[in-house]
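[1] Dropping the sequence and predicted coords here.
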Amino acid sequence: MYPLIEIKTVPIEIEMKVSHAKLEYTRGTADLEISRGEGGLSIKSRPIKLNIDTFEARNSIVPTAMRSQEQAAQRGQQASYTATATYAQHGQMLLNAKLGEDVLSQFAAEAATKDLKPNVGLQFLPSVPPEITWDPGEMHIRYEMDKLNFDWRVNQPKFEFTPGDIELSVTQQPDVIIKYVGGPLYVPPSSDPDYTPVDVEA
């Protein structure tokens, strides 16, 4: 007699993909930028400055209208002082006069001698010298050397870590296959064309 049922099992299939961990290193770079700043030479000079003020000297020759009025006022004031002194002196002489003394003749003689004083009219012109001043000269020298500017740009090195990975995937599910491999079954058994009756001994 042979088996009527055939049982077959299908195992599970699993696919595993593994990605290894890796560490990537990026080397740092450095950039250098050089710029030049130009210097220069500058010279500033100022010569001696001579200042001549001739205002008073010109006024001593040809005075201005204001100066003429001022001088005339000074001369009038001086003349009034002189006349006052003369009158005071004459009055004093009149007070001290004695009987029979000719005071008026003395006045006349004094006036005559006063008018006889020499007046040659010599005068140095201009009577006031010009005012002279000066400012000293100056010189400024400025020199600046050229400059070199260095600009460093450094990029730091970088580390990049990629962790590992495990990927599991089921490509085939497990299964049990039951297959009937026997012949057909007839009910009743006598309907089987190949039926052979079984002898039963009494």
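    That came through fine. Here the structure is a predicted model, which means the values were calculated and not measured. Numbering: from 1, shown residues only.

[2] Give me the helix or strand of this protein that scores worst on average pLDDT.
    helix 103-115 (a mean of 64; mean pLDDT, DSSP states H and E).

[3] okay, the next helix or strand along the chain from that helix in CSV with CA atoms only?
    The first helix or strand that comes after helix 103-115 along the chain, using DSSP states H and E, is strand 131-135. The C-alpha atoms that make up strand 131-135 are tabulated as CSV, following Å, rounded to 0.1, in the frame of the first residue of the first chain:
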residue,chain,number,x,y,z
GLU,A,131,55.2,148.6,10.8
ILE,A,132,56.8,145.4,9.5
THR,A,133,56.1,142.0,10.8
TRP,A,134,56.6,138.5,9.3
ASP,A,135,55.3,135.0,9.7
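
[4] and strand 131-135, what other elements does it pack with?
    In this structure, strand 131-135 packs against strand 49-53, with contacts taken as 3 or more C-beta pairs under 8 Å, 6 or more residues apart in numbering; DSSP states H and E. C-beta here means a position set from N, CA and C on the backbone, and glycine is covered the same way.

[5] just for this protein, where's the confidence low?
    Under the criterion pLDDT under 70, the flagged ranges of the chain are 1-2, 90, 92-123, 199-202.

[6] how about a cut-off of 90?
    When residues are selected by pLDDT under 90, those of the chain lie in 1-7, 10, 20-132, 134-140, 142-164, 168, 170-174, 178-202.

[7] isn't residue 125 right up against residue 59?
    No. Taking contact to mean C-beta atoms under 8 Å, the distance of 11.5 Å between residue 125 and residue 59 leaves them out of contact.

[8] Between those two, which is the more surrounded one?
    For residue 125 against residue 59, the residue with the higher neighbour count under other C-beta atoms under 10 Å is residue 59, and the figures read 18 against 8.

[9] Tell me who's in contact with the residue nearest to residue 29 when sequence neighbours are not counted.
    In space, and not counting its chain neighbours, residue 29 is closest to residue 155: 4.8 Å by C-beta to C-beta, 6 or more residues apart in numbering. Remark: with contacts taken as C-beta atoms under 8 Å, 6 or more residues apart in numbering, residue 155 is in contact with 28-31.

[10] what's the answer for residue 181, then?
    For residue 181, the contact set (C-beta under 8 Å, 6+ apart) comprises 2-6.

[11] quick revisit: from the contacts of residue 155, which single one is nearest residue 180?
    Nearest to residue 180, judged by C-beta to C-beta, of these is residue 28 at 74.8 Å.

[12] Can you flag which of the contacts of residue 181 belong to strands?
    5-6 (DSSP state E).

[13] Kindly list the main-chain dihedrals of residue 11?
    With angles defined as degrees, to the nearest 10, residue 11 shows backbone torsions of phi -70, psi 160.

[14] Could you measure from it over to residue 169?
    As defined by C-beta to C-beta, to the nearest Å, residue 11 lies at a distance of 16 Å from residue 169.

[15] try residue 51
    As for residue 51, its distance to residue 169 is 107 Å (criterion: C-beta to C-beta).
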